[in-house]
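Visitor: Sequence plus the predicted model coming up.
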Amino acid sequence: MIKAGQIERGTALLIKGKPFVCIDREFVNPGKGSAFVRLKLRNPGSGQILAETMKTQDNAEEITVDDRDCQYLYNDGENFHLMMTDTYDQIEVPMSAFPDYELLLKDGETYRCTFWESELLDLQLPPKVVYLVEEAEEAIKGDTVQGATKYVTTECGLKVKCPIFIKKGEKIRVNTETKEYIERVNS
Amino acid sequence: MNIEDKLNAARSRSKMYSSIRSFFDGRDYLEVDTPTLSPDLIPEPTIENFSTTFRNEFMGSKDLYLIPSPEVYMKRLIAQGSGSIYEFSHCFRNSEQLGRIHNIEFSMLEYYSVGMDEKDSIKLTEELINETHLPDAPDYALPPFRVMSVNEAMKKYCDIDLDKCQSQRALYEKALKLGLSESQGRESWEQTFNRIFLTFVEPNLPQDRPLVLDKYPSQIDCLATNYDDGPYKRRWEMYMGGNEVANCYDELKDVEKIEEYYRKEYAKLVRERSETGTVIPDVDLDFASLFENFPQCSGVAIGMDRLLMSQMNIPNIEGVIFFPFSDIIH
């Protein structure tokens, strides 16, 4: 058991017999109301997103999970296909359970995955990932306004707002949570 | 966020404060300056406090509390005939999640309008925003306000009619039907209401313009008057871009009801905080007697940092504060 106030992003819970992973949590004190924690939970099997609000002192059923390494293979438009690096077993998981991950997962890359029994609960993206810039608008000559930005597209298809000096073929570090540009990486 | 952005926010804040002062001065409100440290607070079980101790060789020592709002002193002034007043103050609320819309120390504008009720306060606040907003404020932070009652919102976003769910059991059954988890231990009507409201209503409220949510359920006790025709209070909250920015009451002035509020809410506060070991502030048990000659009045509190966030379209409160608490504790 875990107090609702201690639930964090990534905490795995059993709710009405189904496993869920917390993908967002916020403490809320509504005007003149006591403390609650507002949760967004995801069941990866079905892709179902559950909204729930609990009193911070209430208990939730935490489940014990295993972390294992999986190599990302590809997506078929509906499912992500991954392979466990220790057993070479392949698994698939609905893309709808991980919105926008198709723009963030790199083919062939190994990711830490959270399993409960044999079910994949979470696919952990590192907070910062380096991507190759595959397309970039040409910077306009003479445009030296400080802070000017443009959009570039990464190898995975993610569009990122960048400073204008970033060119095609360069590498950039991106925050995977906010999908924002952090810095240029020297290769 | 860099210093240039912070300085820019400070320039906008300064401009806004100065237009707000002109707005109220032009309407004969008196700007007041009341204590931030107080030996007693209004009992509010849901707001955690900060305490410190006054020491003096001759007078001994006394526990003091940082105010969560200037209400406790502003009402003392109105009771003594100050007329309409406003104040910019720093307020303190402990144990809140830092970042996004919370900083434990924050700026509040509070104004009390003598002779007005909460409906007049909607109009006044609309004029206030209209006359003092920043030139580039986004539409969602600008009048006209949309007004909706809490029950209308409940009906619209989760199909619950509070008029028909006045018992804890009826409301709790609705909560379970909507998919919320069972509560451990007894849950009050207010707690069930808040769980439903926070899960299904608040995230879906329209955000294209400021929203005044009025007629709060009477079960959520506060120092606002009741409607005569239903279990609702003359209280509203204003949301801008989905965030609570203001709170308003038609101020309760019935001495007996205020005494009862103090007794009940203080007992609740002491009970809850004895369990958690958190600060139990002193209260002034004679506070209710102030209201023997209290005029008809409506009070509004606006979170200035949040108002500024909306006006500048900045998503995080830390973008409008020079030294946010989460930075200074590291």
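Guide: Sure, I can see it.

Visitor: can you tell me the residue of the stretch 51-200 of chain B closest to chain A?
Guide: The stretch 51-200 of chain B approaches chain A most closely through B:Q97 (3.9 Å), counting by C-beta to the nearest C-beta. From N, CA and C alone the C-beta is placed, and that goes for glycine too.

Visitor: Which segments of chain A make up each domain?
Guide: Domain ranges of chain A: A:2-60, A:66-124, A:128-185, per automatic domain parsing.

Visitor: about what we covered before: using the three-state scheme, assign the residue of the stretch 51-200 of chain B closest to chain A.
Guide: Assigned by DSSP: H, G, I helix; E, B strand; the rest coil, the conformation of B:Q97 is coil.

Visitor: and what of B:Q207?
Guide: Per three-state DSSP, B:Q207 ends up coil.

Visitor: Check what pLDDT it gets.
Guide: With respect to pLDDT, B:Q207 scores 96.

Visitor: quick one: the most centrally placed residue in chain A and A:E183, what's the gap?
Guide: For chain A, A:L125 is the residue whose C-alpha lies nearest the centre (C-alpha atoms, centre = their mean; 5.3 Å). As for A:L125, its distance to A:E183 is 18 Å (criterion: C-beta to C-beta, to the nearest Å).

Visitor: how about the residues of chain A near chain B?
Guide: A:15-16, A:26-36, A:38, A:50-55, A:58-60 (C-beta under 8 Å from any C-beta of the partner chain).

Visitor: give me the element the nearest residue to B:R195 once chain neighbours are set aside is part of.
Guide: Nearest residue to B:R195, sequence neighbours excluded (C-beta to C-beta, 6 or more residues apart in numbering or on different chains): A:T53, at 4.5 Å. Assigned by DSSP states H and E, A:T53 falls within strand A:48-55.

Visitor: pull the CA atoms of that strand into PDB?
Guide: Taking Å, rounded to 0.1, in the frame of the first residue of the first chain, the C-alpha atoms of strand A:48-55 are listed here in PDB:
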ATOM      1  CA  GLN A  48      -7.000   3.500 -21.500                       C
ATOM      2  CA  ILE A  49      -6.200   6.800 -19.700                       C
ATOM      3  CA  LEU A  50      -7.900   7.100 -16.300                       C
ATOM      4  CA  ALA A  51      -8.500  10.300 -14.500                       C
ATOM      5  CA  GLU A  52      -8.700  10.000 -10.700                       C
ATOM      6  CA  THR A  53      -8.600  12.300  -7.700                       C
ATOM      7  CA  MET A  54      -7.700  10.900  -4.300                       C
ATOM      8  CA  LYS A  55      -7.400  12.400  -0.800                       C
END
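
Visitor: Which element is encountered next along the chain beyond the helix or strand harbouring B:I78?
Guide: Using DSSP H and E, B:I78 sits within helix B:71-79. Scanning forward in sequence from helix B:71-79 by DSSP H and E, the next helix or strand is strand B:85-92.

Visitor: Quick check: bridge partners of the spatially closest residue to A:R184 that is not a sequence neighbour?
Guide: Excluding the flanking residues, the one nearest A:R184 by C-beta to C-beta, 6+ apart is A:I172, at 5.7 Å. Beta-bridge pairing of A:I172 under DSSP bridges involves A:Y131, A:R184.

Visitor: ok, A:I172 touching A:K128?
Guide: No: using C-beta atoms under 8 Å, A:I172 makes no contact with A:K128, being 10.4 Å away.

Visitor: out of those two, which sits in the busier spot?
Guide: A:I172 (21 against 12; other C-beta atoms under 10 Å in any protein chain shown).

Visitor: Quick one, grab the pLDDT at that one.
Guide: So A:I172 comes in at 92 (pLDDT).

Visitor: just the one 5 residues further on next, same as before
Guide: As summarised for this prediction, A:E177 has a pLDDT of 83.

Visitor: and if you look at the one 10 residues further on?
Guide: On pLDDT, A:S187 comes in at 62.

Visitor: how close does B:L307 get to B:E127?
Guide: Taking C-beta to C-beta, one finds B:L307 at 15 Å from B:E127.

Visitor: out of the two, which sits in the more crowded spot?
Guide: Per other C-beta under 10 Å, whichever of B:L307 and B:E127 has more neighbours is B:L307, with 27 against 13.

Visitor: Please report phi then psi for the more buried one.
Guide: With angles defined as degrees, to the nearest 10, B:L307 sits at phi -60, psi -40.

Visitor: cool, and B:K177?
Guide: phi -60, psi -30.

Visitor: still on that earlier bit, which neighbours do A:I172 and A:K128 share?
Guide: Residues touching both A:I172 and A:K128 by C-beta atoms under 8 Å, 6 or more residues apart in numbering or on different chains: A:I182.

Visitor: Now do the helix holding B:I78, average pLDDT.
Guide: 97.

Visitor: Can you give me the buried ones in it?
Guide: Within helix B:71-79, the residues that count as buried by 16 or more other C-beta atoms under 10 Å in any protein chain shown are B:E71, B:V72, B:Y73, B:M74, B:K75, B:L77, B:I78, B:A79.

Visitor: same deal with stretch B:280-299?
Guide: For stretch B:280-299, a neighbour-count test (16+ other C-beta under 10 Å) marks B:280-284, B:287-288, B:290-291, B:294-295, B:297-299 as buried.

Visitor: ok, so of those, who is nearest chain A?
Guide: Comparing the buried residues of stretch B:280-299 against chain A with C-beta to the nearest C-beta places B:G299 closest, at 13.6 Å.

Visitor: Secondary structure of the closest one: a strand, I assume?
Guide: Yes: under three-state DSSP, B:G299 sits within a strand.

Visitor: Just to check, it is in contact with B:Y111?
Guide: Yes: between B:G299 and B:Y111 there is a contact under C-beta under 8 Å: 7.0 Å.

Visitor: residue contacts, the one residue in chain A that gets nearest to chain B?
Guide: Proximity of chain A to chain B (C-beta to the nearest C-beta) peaks at A:F27, 3.9 Å away. Contacts for A:F27 (C-beta under 8 Å, 6+ apart) come out as A:G5, A:A35, A:F36, A:V37, A:R38, A:T56, B:E96, B:Q97.

Visitor: Per-residue pLDDT of residue 36, please?
Guide: Using chain A. Listed pLDDT for A:F36 reads 91.

Visitor: that's the wrong chain, I wanted chain B
Guide: 97.

Visitor: Give me the nearest residue to it, chain neighbours excluded.
Guide: Closest to B:T36 by C-beta to C-beta, 6+ apart is B:I67, at 5.6 Å.

Visitor: Can you pull the phi and psi angles for the one you found?
Guide: Torsion angles, degrees, to the nearest 10, at B:I67: phi -70, psi 140.

Visitor: Confirm for me that it is in contact with B:I42.
Guide: No: taking contacts as C-beta under 8 Å, B:I67 lies outside contact range of B:I42: 9.4 Å.

Visitor: For the stretch 1-150 of chain B, which segments are assigned as strands?
Guide: B:30-31, B:37-38, B:51-56, B:60-66, B:85-92, B:105-114, B:146-149 (DSSP state E, counting those that start in this stretch).
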